[in-house]
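Engineer: quick check, what structure comes out for this input:
(one chain, ligands or ions: 1)
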Amino acid sequence: MARILLVEDEAEMARLVAGSIESDGFLVDRAGSCEDARLTLELARYALVLLDRRLPDGDGLSLLRTVRATQPGVPVIVLTALDRLDDKVHGLDAGADDYLTKPFFADELMARIRAALRRPGAEPAAPLLCGRLRFDPARREVDIEGQPLVLKRRELLALEALIRRAGRVVQRDALVAAVYGMEDDVLPKALDSHISRLRRRLAELDAGVTIHPIRNVGYMLKPA
Ligand code: CA
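Structural biologist: Residues are numbered from 1 along each chain as shown. Okay, here's the model as predicted:
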């Protein structure tokens, strides 16, 4: 299922846009500020990014560089109330793939999303390695020295967030965002139980990695 990042600070707008995208069968993560979006981009791989310009901590266009650095080839559609021609030109010059001005119809947004996803040219991302584990971000597949490892969806999302920052601590909030999306209410224990199942699987299969709990902070994946 293709995953889309929606960067939008207005709650009602975000709810409506996320609803249309989800009903078309995509998975949506939301970020409400530039800072949220930067964090999220480091932790998960997206098929497409929808970007509002007026965010509480800056212009959404400032995120284009982060998107290009962390997720090469990912299409970006700018969604904004700024509709003067030079704003649009500025957005496209800054590297956005498309531009949609508010208000827009859900049908038009979905048509633009499908068109952007069909566009060729996305570079395949290099696999992420840790211990004997290999995570292929393009196919979202994991293997241990060539033996495929099938994980439940939330375990896979947790592993993706951890392996992207292998050797560094991933904070609980960031993991919750990566595993559950931005809008869900998550019981603190739910994350821990997904992680402990994942730890057990990796240990049983001798994946050559360990997941260290860092008390009151988060988790870290390291070669064993
Ligand atoms: Ca806004």
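Engineer: after the lowest-mean-pLDDT helix or strand in the chain comes which helix or strand?
Structural biologist: Evaluated with mean pLDDT, DSSP states H and E, the helix-and-strand set of the chain has its lowest mean pLDDT in helix 85-93, which scores a mean of 67. Later in the chain than helix 85-93, the nearest helix or strand by DSSP states H and E is strand 98-101.
Engineer: can you pull the contacts of the residue of the chain found nearest the ion?
Structural biologist: Using C-beta to the ion, the point where the chain gets nearest to the ion is residue 54, with a distance of 4.0 Å. Every C-beta, even on glycine, is put in place using the N, C-alpha and C of the backbone. Taking C-beta atoms under 8 Å, 6 or more residues apart in numbering as the criterion, residue 54 is in contact with 9, 60, 80-82.
Engineer: now residue 55
Structural biologist: When contacts are counted by C-beta under 8 Å, 6+ apart, residue 55 is found next to 7, 9, 32-34.
Engineer: keep only these that also lie close to the ion.
Structural biologist: Judged by C-beta under 5 Å from the ion, the overlap between these and the neighbourhood of the ion comprises residue 9.
Engineer: mind putting the contacts of residue 55 into JSON lines with pLDDT, secondary structure and distance to residue 19?
Structural biologist: Formatted as JSON lines, the entries for those read as follows, by pLDDT from 0 to 100; DSSP: H, G, I helix; E, B strand; the rest coil; distance: C-beta to C-beta, whole Å:
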{"residue": "7", "pLDDT": "97", "secondary structure": "strand", "distance to residue 19": "16"}
{"residue": "9", "pLDDT": "95", "secondary structure": "coil", "distance to residue 19": "17"}
{"residue": "32", "pLDDT": "95", "secondary structure": "coil", "distance to residue 19": "16"}
{"residue": "33", "pLDDT": "96", "secondary structure": "coil", "distance to residue 19": "21"}
{"residue": "34", "pLDDT": "96", "secondary structure": "helix", "distance to residue 19": "23"}
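Engineer: between the contacts of residue 55, which is closest to residue 117?
Structural biologist: The shortest approach to residue 117 among the contacts of residue 55 belongs to residue 7, at 17.4 Å (C-beta to C-beta).
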